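Colleague: whatever this is, show me its structure:
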Amino acid sequence: MERPGQIVCVGRNYREHAKEMGNDVPTEPLLFLKPRSCVVGAGAAIELPVGAGRVDFEGEIGVVIGSHLRKATAAACAAAVRGIVAANDVSAREWQKNDGQWARAKGSDTFLPLGDESDAPRDLSELTVVTRLNGVEKQRASSSELVFPIPILLEYITRFITLEAGDLVLTGTPAGVTALSHGDVIEVEIVGYSAVKNPVVALT
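Modeller: As a prediction, the model looks like this:
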């Protein structure tokens, strides 16, 4: 897909993932941004930076916005979803912990592989995300399991951040995140909608 206008993300939006990371489930969405420059397409290498330590994949359902949204209702937000994309929110865990903010940990070059955009379904609660590392399934979850469902998440975001057509919202990753290593191949699929597969290369 084309690079989004802006990329708004939410952390800890599946209970089991929050648990596996040793975190509490937030009482309201935990938002952060990723820069457009970290987007790559299918087949492009995910580059593990020198000194990054553990770098994990995070398979996610990406939601593409189709119209202007500011202080919008959940119903209006749901109606404004244009498309669905497979997304991999690559994350350098040591930088995420040590930096005090997540810009480098989640925004380094190549840290957001995206699949092709497909039309959004009427029911946003029946999407399934699956992640495979070297062909072995590591993550599988439904959007029905989200702590904050997609329309509620978008409503919350638009209280503070105006969304425009072409913007991308990442909805969170389920349990099963695993470290990436040189030579791995990682694939994220939104079943029936979008997929993205990428090799992994360690920089030297």
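Colleague: ok, residues contacting the lengthiest helix in the chain?
Modeller: Using DSSP state H, we find that the single longest helix of the chain is helix 150-160. Residues outside helix 150-160 that contact it (CB atoms under 8 Å, 6 or more residues apart in numbering): 8, 10, 13, 28-29, 31, 61, 63, 65, 69-75, 77-78, 80-81, 124-125, 143, 146, 148, 163, 169, 171. For the C-beta atoms, the positions are set from N, CA and C on the backbone; glycine is no exception.
Colleague: quick one: contacts for Val147?
Modeller: Val147 neighbours (CB under 8 Å, 6+ apart): Arg12, Asn13, Tyr14, Arg15, Val25, Pro26, Gly172.
Colleague: then Thr110?
Modeller: Counted by CB under 8 Å, 6+ apart, Thr110 has contacts Cys38, Val40, Ala44, Ala45, Ile46, Glu47, Val90.
Colleague: what does the helix-or-strand element of the chain with minimal mean pLDDT rub up against?
Modeller: The least trusted helix or strand in the chain, going by mean pLDDT, DSSP states H and E, turns out to be helix 15-20, with a mean of 82. Residues from elsewhere that reach helix 15-20 (CB under 8 Å, 6+ apart): Arg12, Asp24, Val25, Pro26, Glu145, Val147, Gly172, Thr173, Pro174, Ala175, Gly176, Val177.
Colleague: element containing the last one, please.
Modeller: According to DSSP states H and E, Val177 maps onto no helix or strand at all.
Colleague: how about it: what's its closest non-neighbour residue?
Modeller: Nearest non-adjacent residue to Val177, counting by CB to CB, 6 or more residues apart in numbering: Asp56, 4.6 Å away.
Colleague: how close does the one you found sit to Ser91?
Modeller: In this view, Asp56 and Ser91 are 5 Å apart by CB to CB, to the nearest Å.
Colleague: surely Ala179 meets Val55?
Modeller: Yes. With contact defined as CB atoms under 8 Å, Ala179 counts as touching Val55 (6.5 Å).
Colleague: adding neighbour count, distance to Lys138 and secondary structure, write the contacts of Val147 out as CSV.
Modeller: As requested, the contacts of Val147 are exported to CSV (neighbours: other CB atoms under 10 Å; distance: CB to CB, whole Å; DSSP: H, G, I helix; E, B strand; the rest coil):
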residue, neighbour count, distance to Lys138, secondary structure
Arg12, 19, 18, coil
Asn13, 27, 18, coil
Tyr14, 24, 14, coil
Arg15, 15, 18, helix
Val25, 15, 21, coil
Pro26, 15, 23, coil
Gly172, 26, 16, coil
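Colleague: relative to Asn198, which of the residues you listed is nearest.
Modeller: Gly172 (20.0 Å; CB to CB).
Colleague: who's in contact with that closest one?
Modeller: Contact partners of Gly172, counting by CB under 8 Å, 6+ apart, are Cys9, Val10, Gly11, Arg12, Asn13, Tyr14, His17, Glu60, Leu146, Val147.
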